[in-house]
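Novice: Any chance you can model this:
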Amino acid sequence: MKQTIQTIKRNDFSTMLEIERIRNIGIIAHIDAGKTTTTERLLYYTGRISRIGEVDEGTTTMDWMDQEKERGITITSAATTCFWKEHKINIIDTPGHVDFTAEVERSLRVLDGAIGIFCGVSGVQPQSETVWRQSEYYKIPRIIYINKLDRVGADFLKVVKEIEVDMGINCLVLHLPVGTESGFKGIVDIIENYAIYYPTDNENDVQIEPVPENMRQEVEFYKTLLIEKLAESDHEIMEKYLEEEPIENLSIKRAIRKATLERKLFPVFCGSSFKNKGTKLLLNAVVDYLPSPIDRGEISGENPRTGEIEKRYPDVKDKISILAFKLFNDVHFGHLVYVRVYSGELKQGAKLYNFTKDRRERVLKILEAHGNRYTEIESAKAGDIVALVGLKGTYTGDTIASEDTPVILEKIEFPEPVLTMAVEPKIKADSEKVFQSLIKLTEEDPTFKLHVNPETGQTVISGMGQLHIEVLIEKMRRQYNVDARLGKPEVAYKETITGEATGEGKFIKQSGGRGHYGHVVLKIKPSTEETDFVFSSELKGEVIPREYIPSIKAGVKESVETSGFYGYPVINVDVAVIDGSFHPVDSNDIAFKIAGSLAFKDAFKKAKPIILEPIMKIEITTPQEFLGEIIADFNMRNGKIEKMDEAGNYKIFKGFVPLRTIFDYTTVIRSLTQGRASYIIEPSFYQKVPDEYLKKIIK
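Specialist: Numbering: from 1, shown residues only. Model prediction:
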């Protein structure tokens, strides 16, 4: 796909835009809920694009990759900017497929608000819950948009109830649909107390009319419920409600905004994006209820030179602080880094410092993104999301700032891969090109891992699922013009311990000149925190000089990643340095790093190690007549059913199943149901491998 770049001077409204009128929002949802279709309408009705593209036709602005057009899904998060009612809206459209969860994670890290889209027919789906939990982790205020109300089986109020129960949140219904399924023709605005009708396929052509007679009682009920919910968190509304005084719409909207920003209430809107109903009202809601960078407040980071926590404020006059959240190796620009400017003002040519990587950087160009098209701008201010050209050593999660104002912002945490595959070039002469291309892909995607098996020399890649890996290998073929073969998928097992143990590591090499001396004693035990390892020092006195402790930790980290008892990465281990010794001349960082690694290996094999396997959360949708066959097969795969629902003639059941048992599941489920059933899986947790299967793994 050819990209374009323009150079313009921003002497228009956007350069003088107040930070209060910036909205950084994400579109989050389950796959096929309508994220990209909705985004396309938002861009069209704000005048950002002149023609509406469609997912089925492969003509959307945000799904610009060839694979996205062919598969009809969003693979990579795409950013764009539009303007509505004198507000600047930066939008990130995120993938809905669980295999691309990293794209959602890094987008949520830099966003201020989000629109959670739910299908009016399917309601709450597995990835809906996942992205909702992710956004809750970052404390992001959200509004809810129930889409596809023109579809057969759509039920607005049923989905609202499902969201409240499954998500455990308090919904605030602000819209009601007029008509159902194919008869969906308008929306009632509960606050304004009127109906909006859409007589054509253009949302600019609307008719405002009184609330239909048959809906007045329902509208009155939800208006009262709205006031009662607001009264619980707003003193002014409560006083007027108790005194039975009239409450102005302006006061209601102010109270809704306050409750939304505090995440006490989640406003609910409705529509059909594909039919051009409700998306302009959604734009109004973004402006009215979602936060600006100032509403989100300051951000904290650690000063790497003093260790103290410092704050940065969304103000162009504050010290500059920038977080890199996405890397893209572009064919034209090379190393293109997407960033969020949290404070200060960034100008072209600025000399900055990457405090995460401890290196100097220089910004050559600042680009405003619009899918895969870019506009060059002269500066970016606090609250902006832009792409930078010229940062040679900056990657996802890095903090860059002025060299004299050091800070490292909170990093982005990504889930660990659950699936591994061997990879080899189709043409032997392409070995080096394949390897270098894979390295570039790992730079772009933190959930894509690459390593070489030291025993066999085989190149092994790891990802979030088979689709994830296949998409990246196809991207390598198209973007870097190299082809590769994939081996059979294998489970990414982990190891942990069930007991406590002490281990000793010595690395002593002394000759005629200066030698190496490192001696470390570690104590390990199961960790209560779900992480790779927790490291601490319990040394008393100067048994080992303090400057060697980071080297010991680096040695432990190396062993944790590569050297479990059975050869798998290690998780959930608490490591403490308790003893050791040093030599005043021969001790150095390398010696203590090796000694730390040896001590960990010694302790680990004594601490009753076990192998853990990934357990997947699964949702299966099947016609009623095939339910028996599906359940029988699911039980044979050691699956456990947790919940079962009904949707028309379909049964939907949710449960958990070991990843190792479902590599062939796509073929099997199609065969059992004549191709009519479907399923969605996502990583959930790790648990101990059953004893009867352990022997197979070890063998």
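
Novice: Okay, now the unreliable bits of the stretch 151-300 of the chain?
Specialist: The model of the stretch 151-300 of the chain has no residue with pLDDT under 70.

Novice: Please enumerate the helices of it.
Specialist: Using DSSP state H, counting those that start in this stretch, the helices of the stretch 151-300 of the chain run over 156-167, 216-231, 235-242, 249-261, 279-289, 293-296.

Novice: repeat for the stretch 551-699 of the chain
Specialist: Applying DSSP H, counting those that start in this stretch to the stretch 551-699 of the chain gives helices spanning 589-606, 627-636, 665-673, 691-698.

Novice: any idea which of those is most buried?
Specialist: helix 589-606 (a mean of 23; mean count of other C-beta atoms under 10 Å). No exception for glycine: its C-beta is placed from N, CA and C like everyone else's.

Novice: contacts for that helix?
Specialist: By C-beta atoms under 8 Å, 6 or more residues apart in numbering, the surrounding residues in contact with helix 589-606 are 497, 499, 501-509, 516-524, 544, 548, 551-556, 558-560, 563-565, 570, 573, 575, 577, 580, 582.

Novice: Quick one: mean pLDDT over it.
Specialist: For helix 589-606, mean pLDDT rounds to 94.

Novice: mind checking how far residue 588 is from residue 230?
Specialist: From residue 588 across to residue 230, the span is 65 Å (C-beta to C-beta, to the nearest Å).

Novice: Could you do residue 676 as well?
Specialist: According to C-beta to C-beta, residue 676 and residue 230 sit 45 Å apart.

Novice: How about residue 567?
Specialist: 58 Å.

Novice: Neighbour count for the two, which is higher?
Specialist: A direct count of neighbours by other C-beta atoms under 10 Å for residue 567 and residue 230 places residue 230 higher, at 24 against 13.

Novice: Using JSON lines, lay out the helices of the stretch 151-300 of the chain together with distance to residue 317.
Specialist: Below are the helices of the stretch 151-300 of the chain laid out as JSON lines (distance: least, C-beta to C-beta, whole Å):
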{"stretch": "helix 156-167", "distance to residue 317": "39"}
{"stretch": "helix 216-231", "distance to residue 317": "36"}
{"stretch": "helix 235-242", "distance to residue 317": "33"}
{"stretch": "helix 249-261", "distance to residue 317": "24"}
{"stretch": "helix 279-289", "distance to residue 317": "25"}
{"stretch": "helix 293-296", "distance to residue 317": "13"}
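
Novice: nearest to residue 694, of those helices?
Specialist: Among the helices of the stretch 151-300 of the chain, the nearest to residue 694 by C-beta to C-beta is helix 156-167 (35.6 Å).

Novice: Any buried residues in the closest one, and which?
Specialist: Using 16 or more other C-beta atoms under 10 Å as the test for burial, helix 156-167 gives 156, 159, 160, 162, 163, 167.

Novice: same question, stretch 299-310
Specialist: For stretch 299-310, by 16+ other C-beta under 10 Å, it's 299, 301, 302, 310.

Novice: Am I right that the first one is in contact with residue 344?
Specialist: Yep, that's residue 299 we're talking about. No - contact between residue 299 and residue 344 fails when scored by C-beta atoms under 8 Å: they sit 12.0 Å apart.

Novice: any shared contact partners between these two?
Specialist: The contact lists of residue 299 and residue 344 share 312, 321, where a contact means C-beta under 8 Å, 6+ apart.

Novice: Where does the prediction get shaky in the stretch 401-550 of the chain?
Specialist: If you take pLDDT under 70 as the line, the stretch 401-550 of the chain has these spans: 453-456, 512-513.

Novice: same thing but at 80, please
Specialist: Low-confidence segments of the stretch 401-550 of the chain (pLDDT under 80): 413-416, 418, 453-458, 464-467, 488-490, 510-514, 529-532.

Novice: Return the members of the contacts of helix 589-606 classed as buried.
Specialist: 497, 501-503, 505-507, 516-524, 544, 548, 551-553, 555-556, 559-560, 563-565, 570, 573, 575, 577, 580, 582.

Novice: Could I get the contacting residues of residue 300?
Specialist: With C-beta under 8 Å, 6+ apart, residue 300 has these contacts: 309, 310, 311, 312, 409, 410.

Novice: Mind listing the residues bridging to it?
Specialist: Judged by DSSP bridges, the bridge partners of residue 300 are residue 311.
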